[in-house]
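Novice: this one's sequence-less:
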């Protein structure tokens, strides 16, 4: 496992990005959660955690600081962690964030896309413990992330792909296979 290696996990909401990031973390990787920026700002503004407020914060921060705001905010943490162990980024969102990180991390950045069919994602989002979404909210979020964040770009150019349409056990097996194949 190489220090300085940074893998950004990309995928649509409910695809399993956070579950996969937790698998990496349990394997000894440092983890940086892009959504933490939103959650910290919700706390700072004393707003409840819900889809409307999260969207308000995400779009507001990017309007104010640029489309790559989250990457700029978290790059120092990524760099510091990558000095001592490989890092997994949970939830790289936009094309602008990808370009910013690629320009700063160069060959050390790799992208791993989690691909899941839409109905499976919507079903998962409906029943997830934290921040559940109705199917209508999930579809709205899909559209916002594709249209406003250009989320499809990082997914399209990913270095690695892993599908997650089955059980957690199957997903974990795919993770283990990838770790072994890439010698991470």
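Specialist: Perfect, thanks for sending it. Quick caveat, the model's predicted, so the values are computed rather than measured.
Novice: so how far is residue 53 from the spatially most distant residue from the centre of the chain?
Specialist: Computed with C-alpha atoms, centre = their mean, the residue of the chain farthest from its C-alpha average is residue 46, at 24.1 Å. If you measure residue 46 against residue 53 using C-beta to C-beta, to the nearest Å, the figure is 10 Å. Yep, even glycine has a C-beta here, placed from its N, CA and C like the rest.
Novice: likewise for residue 38?
Specialist: Taken as C-beta to C-beta, the span from residue 38 to residue 53 is 9 Å.
Novice: need the contact partners of stretch 131-151.
Specialist: The contact list for stretch 131-151, computed with C-beta atoms under 8 Å, 6 or more residues apart in numbering, reads 10, 12-14, 49-51, 54-55, 59, 62, 67, 93-96, 118, 121-122, 125-126, 152.
Novice: recalculate using a threshold of 7 Å.
Specialist: 12-14, 49, 51, 55, 59, 93-95, 121-122, 125-126, 152 (C-beta atoms under 7 Å, 6 or more residues apart in numbering).
Novice: return the member of the residues you listed nearest to residue 172.
Specialist: residue 14 (17.4 Å; C-beta to C-beta).
Novice: okay, now residue 108: neighbour count?
Specialist: 19 (other C-beta atoms under 10 Å).
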